[in-house]
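Enquirer: how would this look folded up:
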Amino acid sequence: MDTAEIPKSRKGSLTRSAILEEAVQLASVHGLEGLSIGQLAEATGLSKAGLFAHFGSKEGLQLATVEAAGALFVAAVIDPVKHLPKGLPRLRGLLESWLAYGPSRTFRGGCFFAAASTEFDGRPGPVRDRVREAMKQWSGLLKHAVREAVAEGHLRDEADPSLLAFEFLALAMGANNAYQLHDDPRAFDLARRAFAARLDALVTP
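Expert: This next block holds a predicted model:
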């Protein structure tokens, strides 16, 4: 279809989506604070005025970028394992999908949320709130998956959803750091082994 046939509102949506795809990748490399309207204009070939029309401000761009990154994370990590049986199979699937996503280059500069969490953990404001909410949602999903595994009888009753989610997050963040900062090719496999050991110790007889 010729673009002239696409309704104006649809063209705007397509343009915004393409802009945010580039914004997410730039932010994964340079950080959300390093992402600017000017930098994005240069990368996309669009005018600053046009980008301001989409986002209104740098903060508006940052918030929209976090939302777009969240959608990419869901598509890469959560959607592929939705078909798995609930309980331990789905929990293990989520963890494996998460670890596979780390070195997959879904984000050009590595895990967007690992970087954003570190960048904004001490910066109060709407961007920090949105990053925190995204991390809270992911942690909540891990806790829910643990509860389902207990309810299905796959894990023992003493399996603590909050403790396990905390440990999984800490291990994954550590693996991402080792992989990105130290170029350690073993990082995600070590986290994978740690995940498996922790779950195997709680599996019902």
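
Enquirer: Can you pull out the low-pLDDT segments for this protein?
Expert: 1-14 (pLDDT under 70).

Enquirer: can you give me the helices for this structure?
Expert: 8-30, 37-44, 48-55, 58-73, 88-101, 112-120, 126-151, 161-181, 187-200 (DSSP state H).

Enquirer: For the nearest residue to Gly34 once chain neighbours are set aside, give me its contacts.
Expert: When the adjacent residues along the chain are set aside, Gly34 lies closest to Ala27, with 7.4 Å between them (C-beta to C-beta, 6 or more residues apart in numbering). No exception for glycine: its C-beta is placed from N, CA and C like everyone else's. Contact analysis of Ala27 by C-beta atoms under 8 Å, 6 or more residues apart in numbering lists Gly34, Leu35, Gln62, Thr65, Ala69, Gly109, Phe112, Ala116.

Enquirer: Which residue is the nearest non-sequential neighbour of the residue nearest the centre of the chain?
Expert: In the chain, the centroid-proximal residue (C-alpha atoms, centre = their mean) is Phe73; its distance is 4.1 Å. Closest residue to Phe73 apart from its sequence neighbours, by C-beta to C-beta, 6+ apart: Phe113 at 6.7 Å.

Enquirer: how far away is the one you found from Phe188?
Expert: According to C-beta to C-beta, to the nearest Å, Phe113 and Phe188 sit 16 Å apart.
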